[in-house]
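1. Please find the sequence and the predicted model below.
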Amino acid sequence: MQFDLWITLVLAGIAISVSPGAGAVVSMNYGLKYGLKKSYATIFGLQLGLLAQTFIVVIGLGALIIKSVLLFNIIKYVGVIYLVYLGLSKIFEKVEINEEIEKIDKYNMKKAFLTATLINLTNPKATIFLVAFIPQFLNPNESLWIQFIIISITLCVIDIIVMTGYSSLASKLRFLVKDAKAMKIQNRVTGAFLLIAALFVSTTKKV
């Protein structure tokens, strides 16, 4: 891949990652409740979902999903249902004021990782975007796999940096978790954004 083309990829990747979405909401939520260090399970879970989506595009399933109404709708509505579940769970979550040690004990790294992975993995907009986006940076005269590796690493590194920024910003507001009213508001705002993300995903159409 030529350097100028890679720079274009980097700029596009930054614009994509900075755009608010379900991944950013979840990263900020974990940063707010548990701090930056513990939010990395969520951040790396998002990257696994992104890598899986990229792999789907690599093997050509992305094009198949766009052509198949049934398969497209299955993936779309699985993602919508999951985001709605997460959103409603946050809105109706029981607020408890815990000591720091108790809060840390309740943290579940595996759950955080899997939740974030599923959020990216079940997002059809990501598949549609990657199918339309990645080919723009491919050179048919060069190794296809090497190009996909470069693109995948570039996008994931950018997303890790951006999501770290979101989580770090949110972690500065951790004092709010000691206030029951503030926690309730935060849960409802997080839930509302997840429901909005679900709405946007549900309006995705085949291109």
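-> Received, thanks.

2. correct me, but residue 169 touches residue 28?
-> Yes. Judged on CB atoms under 8 Å, residue 169 makes contact with residue 28 at a distance of 7.2 Å. For glycine as for every other residue, the C-beta is placed from the backbone atoms N, C-alpha and C.

3. okay, the two: which has more neighbours?
-> residue 28 (26 against 14; other CB atoms under 10 Å).

4. So which residue is dead centre in this structure?
-> residue 23 (2.8 Å; CA atoms, centre = their mean).

5. Let me know the helix or strand that that residue is in.
-> helix 22-34 (DSSP states H and E).

6. next one: residue 195
-> helix 180-202.

7. Also residue 161?
-> Using DSSP H and E, residue 161 falls in helix 144-171.

8. what angle do the helix holding residue 23 and helix 144-171 make?
-> Angle, helix 22-34 to helix 144-171, by axes from the mean of the first three to the mean of the last three CA atoms, to 10 degrees: 40 degrees.

9. same question for stretch 169-185, mean pLDDT?
-> In this model, stretch 169-185 has a mean pLDDT of 70.

10. Can you measure across it, start residue to end residue?
-> One end of stretch 169-185 sits 18 Å from the other (CA to CA, to the nearest Å).

11. Can you tell me how far the residue nearest to the centre of the chain is from residue 160?
-> Going from residue 23 to residue 160 by CB to CB, to the nearest Å gives 11 Å.

12. Check residue 17 too.
-> Taking CB to CB, one finds residue 17 at 9 Å from residue 160.

13. out of those two, which sits in the busier spot?
-> Counted by other CB under 10 Å, residue 17 and residue 160 do not tie: residue 17 has more neighbours, with 22 against 17.

14. where's the residue of the chain positioned farthest from its centre, which helix or strand?
-> Distance from the centre of the chain peaks at residue 141, with 32.4 Å (CA atoms, centre = their mean). Using DSSP H and E, residue 141 falls within no helix or strand.

15. What's the per-residue pLDDT of it here?
-> So, for residue 141, pLDDT stands at 73.

16. Which strands or helices does the helix holding residue 195 pack on?
-> helix 22-34, helix 69-91, helix 124-133 (3 or more CB pairs under 8 Å, 6 or more residues apart in numbering; DSSP states H and E).

17. And for residue 113, nearest residue in space, chain neighbours not counted?
-> Nearest residue to residue 113, sequence neighbours excluded (CB to CB, 6 or more residues apart in numbering): residue 45, at 4.0 Å.

18. SS state for the one you found?
-> Secondary structure state of residue 45, per DSSP: H, G, I helix; E, B strand; the rest coil, is helix.

19. doesn't residue 43 make contact with residue 112?
-> No. Using CB under 8 Å, residue 112 makes no contact with residue 43, being 9.3 Å away.

20. Between the two, tell me which one has more neighbours.
-> When residue 112 and residue 43 are compared on other CB under 10 Å, the one with more neighbours turns out to be residue 43, at 25 against 22.

21. before we move on, the earlier item: just name the most buried of the helices and strands packed on helix 180-202.
-> helix 22-34 (a mean of 25; mean count of other CB atoms under 10 Å).

22. so how far is that one from its chain's centroid?
-> The gap between the average C-alpha position of helix 22-34 and the chain average comes to 10 Å, counting by CA atoms, centre = their mean, to the nearest Å.
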